[in-house]
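In: Quick check, what structure comes out for this input:
(one chain, ligands or ions: 2)
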Amino acid sequence: MDTLSEHTPLLGRQAERAELDGLLADVRSGRGRALVLRGEAGVGKSALLQHTVGRAADMRVVRTVGAESEMELAFAGLHLLLAPLLDRIEELPGPQHDALAVAFGLREGDAPCSA
Ligand SMILES: Nc1ncnc2c1ncn2[C@@H]1O[C@H](COP(=O)(O)OP(=O)(O)O)[C@@H](O)[C@H]1O
Ligand SMILES: [Mg+2]
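Out: Ligands and ions are numbered 1, 2, ... in the order given. Just a heads-up that it's a prediction; the model follows:
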């Protein structure tokens, strides 16, 4: 995230903002959501994400970035994203708990699908 995108007011992008506001509303109501935001470099992805984070002050936001050099490391992105939250693993339902525990090497088991 660059400094500029944190301080420049977001212009336009009504459709994208509505979509992202809808995502936040769903998450607030307890529904899990996933969304892929993609586009050419400089098109405004980080600005939109920063704007969305600004509208999620009532939520806990965790973030990570992927590095091509970590492609061969199993669950590298998952580790970066969820390691700070691992103390809450016991709160997860059984299947999700077990999958994460295996991915983090906390217990033995078949590796969850990483594709
Ligand atoms: N809707 C917007 N309104 C104002 N500035 C924007 C908008 N979208 C992008 N920018 C500015 O354009 C530049 C590139 O946007 P950025 O979000 O970093 O692109 P990306 O993440 O897609 O590479 C940044 O300086 C950002 O602040
Ligand atoms: Mg970006």
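In: starting at the chain centroid, how far to stretch 25-42?
Out: Centre-to-centre, stretch 25-42 and its host chain are 8 Å apart (Cα atoms, centre = their mean, to the nearest Å).
In: quick one: the closest residue to Ala56 other than its chain neighbours and Asp58, what's the gap?
Out: Counting by Cβ to Cβ, 6 or more residues apart in numbering, Ala56 lies nearest to Leu24, which is 5.7 Å off, once chain neighbours are set aside. Backbone N, C-alpha and C define where each C-beta goes, glycine included. In this view, Leu24 and Asp58 are 9 Å apart by Cβ to Cβ, to the nearest Å.
In: Neighbour count: those two, which is higher?
Out: Between Leu24 and Asp58, counted using other Cβ atoms under 10 Å, the more crowded position is Leu24 (16 against 7).
In: residues near the residue in the chain that ligand 1 sits nearest to, how many?
Out: Nearest residue of the chain to ligand 1, counting by Cβ to the nearest ligand atom: Gly44, 2.8 Å away. A count of neighbours around Gly44, defined by other Cβ under 10 Å, yields 17.
In: ok, and the closest non-adjacent residue to it?
Out: Gly44 sits nearest to Arg13 (Cβ to Cβ, 6+ apart), 6.8 Å away.
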